[in-house]
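# model this:
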Amino acid sequence: MPMHFIHRYDRLHMRLADSPQGDAGSGGGQPGPEAGPDQGAEQGQESSESKEFSRALSKRTAEIRAKYSDYDELKAKAAKLDEIEEAQKSELDKLREQAQKAERERDELKAARERDQLVGDIAKETGLDRSVVEMLSGDGDQLREHAQALAKIIGETRKQQESKLPPAPPLTKAQPVSDMSPSQMIAGAYADK
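Below is the predicted model of the structure:
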């Protein structure tokens with residue numbers, strides 16, 4: 001927009017405000033009674049320039065309003081896009097968490113399977129029951145050492161107990177219980193003592 005329109009408008013506005021006629025708009029763009037022929041022509045020219053400036057200003061204002069008329073719509077769309085992106089980020093975070101959880105579960109299952117296999121191997125090596133070896137703490141070599149120590153202790157304890165036990169009674173051929181009368185059963189029970 002040319003600057004000379006703005007300067008002319010400012011000068012016109014100042015002249016109209018400072019005029020002896022009072023209000024700036026009281027003359028309506030027509031020369032007053034004291035105005036000479038030169039002043040009336042000058043004001044008419046400035047009045048047409050003022051109208052031209054007003055039209056240009058209105059046109060430019062309309063162009064700017066048209067340019068930014070969909071600003072609120074674009075702002076709403078941008079906000080919605082931000083929400084969608086945030087939701088996608090949270091979806092991505094959820095997927096990452098699920099992947100990490102699956103990896104942890106996989107690692108735990110793998111470790112449990114390896115321990116189960118190790119417990120079975122150690123149970124075969126030491127001759128201990130599998131359930132006993134499962135109760136022992138430690139992994140790998142430490143578990144193997146604990147199982148061997150326990151097997152050694154159990155072996156020693158069995159030897160001590162076997163040496164203290166009385167010998168088992170000889171097996172005799174006894175009459176089947178179904179063929180005996182109740183009095184014979186009672187007599188047989190007291191006869192052994």
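# how about the helices of this protein, start to end?
3-18, 37-67, 71-126, 130-135, 141-164, 182-191 (DSSP state H).
# Would you mind giving those helices as a markdown table with mean neighbour count added?
C-beta here means a position set from N, CA and C on the backbone, and glycine is covered the same way. Compiled in a markdown table, the helices of the chain are given as follows (neighbours: other Cβ atoms under 10 Å):
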| stretch | mean neighbour count |
| --- | --- |
| helix 3-18 | 13 |
| helix 37-67 | 13 |
| helix 71-126 | 11 |
| helix 130-135 | 14 |
| helix 141-164 | 12 |
| helix 182-191 | 10 |
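# Compile those helices into TSV and extend it with columns for mean pLDDT.
As requested, those are arranged in TSV below (pLDDT from 0 to 100):
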stretch	mean pLDDT
helix 3-18	53
helix 37-67	78
helix 71-126	90
helix 130-135	87
helix 141-164	84
helix 182-191	75
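# for the closest residue to residue 118 other than its chain neighbours, what are its contacts?
Nearest residue to residue 118, sequence neighbours excluded (Cβ to Cβ, 6 or more residues apart in numbering): residue 143, at 6.5 Å. Going by Cβ atoms under 8 Å, 6 or more residues apart in numbering, residue 143 touches 118-119, 122, 133, 136-137.
# same deal with residue 117?
Taking Cβ under 8 Å, 6+ apart, one finds nothing in contact with residue 117.
# Could you do residue 114 as well?
By Cβ under 8 Å, 6+ apart, no residues touch residue 114.
# Could you measure from it over to residue 122?
For residue 114, the distance to residue 122 (Cβ to Cβ, to the nearest Å) stands at 12 Å.
# Phi, psi for residue 138 please.
In terms of degrees, to the nearest 10, the main-chain angles of residue 138 are phi 110, psi 170.
# Count the neighbours of it for me.
Number of residues near residue 138 (other Cβ atoms under 10 Å) recorded here: 12.
# check contacts around it.
For residue 138, the contact set (Cβ under 8 Å, 6+ apart) comprises 145-146.
# Let's see the pLDDT reported for it.
Model confidence at residue 138, expressed as pLDDT, equals 82.
# If we ignore the residues flanking it in sequence, what's nearest residue 144?
Residue nearest to residue 144 in three dimensions, not counting chain neighbours: residue 122, with 5.4 Å by Cβ to Cβ, 6+ apart.
# can you check residue 150 too?
Nearest non-adjacent residue to residue 150, counting by Cβ to Cβ, 6+ apart: residue 128, 6.5 Å away.
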